[in-house]
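S.K.: sequence unavailable; structure follows:
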């Protein structure tokens, strides 16, 4: 019995033959000819999709990447150089790069989700600690509010804690809206400094 040699997966290499129309079509596409683009699309879309699907392995993602590649062909047709290879080689190289980028992006997203999930899992929620922290923060805010002028304090309380607009707060405080807005800004800056936020 004869032993078969093990076949290794072959590295993808783009084909080298365009057929008679592709170079003429890409030249017209570079000039903005939509009809030429439709013909080029019909000529290449099947092989672009097949290549992308082999890399991405998901039909919906493959269709999306195929559309992205063909839009890129439309936009970058002027970048095609005949001395560097056939139109099909150029387009399939773009397709292969896009497909690999999509796979890498998807993997990076999964890795990121796994890291976030692991971090959230490793830090259990502690109600007592959260409650103590919240009370401490509230005391700090109340203490810092006492350092504001009366108009600053009232402006902050009305707009941030009671939900009034600048104009409504101005009416309640019997002060111009521009003054309330300025006092609010100044008050927030003093609160920030007092609380040590952003240091």
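M.R.: Sure, I can see it. Predicted model, so just to flag it, every value in this text is computed and none were measured. Numbers count the residues shown, from 1 in each chain.

S.K.: do you know how far the nearest residue to residue 159 once chain neighbours are set aside is from residue 156?
M.R.: Distances taken as Cβ to Cβ, 6 or more residues apart in numbering put residue 169 closest to residue 159, at 5.4 Å, once the chain neighbours are dropped. In this view, the C-beta of every residue, glycine as well, is placed from N, C-alpha and C. For residue 169, the distance to residue 156 equals 9 Å [Cβ to Cβ, to the nearest Å].

S.K.: and residue 75, by the same measure?
M.R.: Plainly put, residue 75 is 51 Å away from residue 156 if you go by Cβ to Cβ.

S.K.: the more surrounded of those two?
M.R.: residue 156 (21 against 10; other Cβ atoms under 10 Å).

S.K.: surely that one touches residue 148?
M.R.: Yes: shown here, residue 156 and residue 148 form a contact pair, counting by Cβ atoms under 8 Å, at 6.9 Å.

S.K.: hey, what's in contact with both of those two?
M.R.: The contact sets of residue 156 and residue 148 overlap at 187, 191 (Cβ atoms under 8 Å, 6 or more residues apart in numbering).

S.K.: helix or strand with the lowest mean pLDDT in this protein?
M.R.: helix 127-145 (a mean of 80; mean pLDDT, DSSP states H and E).

S.K.: any idea how far that one is from the chain center?
M.R.: Distance of helix 127-145 from the chain centroid (Cα atoms, centre = their mean, to the nearest Å) equals 35 Å.

S.K.: can you list the neighbours in contact with that helix?
M.R.: 153, 156, 157, 190, 191, 194, 195.

S.K.: about what we covered before: just the element for the residue nearest to residue 159, please.
M.R.: helix 166-173 (DSSP states H and E).

S.K.: and after that helix, which helix or strand comes next?
M.R.: Next along the chain from helix 166-173, counting by DSSP H and E, comes helix 177-195.

S.K.: where do the strands sit along this protein?
M.R.: Assigned by DSSP state E, the strands in the chain number zero.

S.K.: for it, which spans come out with low pLDDT?
M.R.: For the chain, residues meeting the criterion pLDDT under 70 lie at 1-20, 118-126, 198-199.
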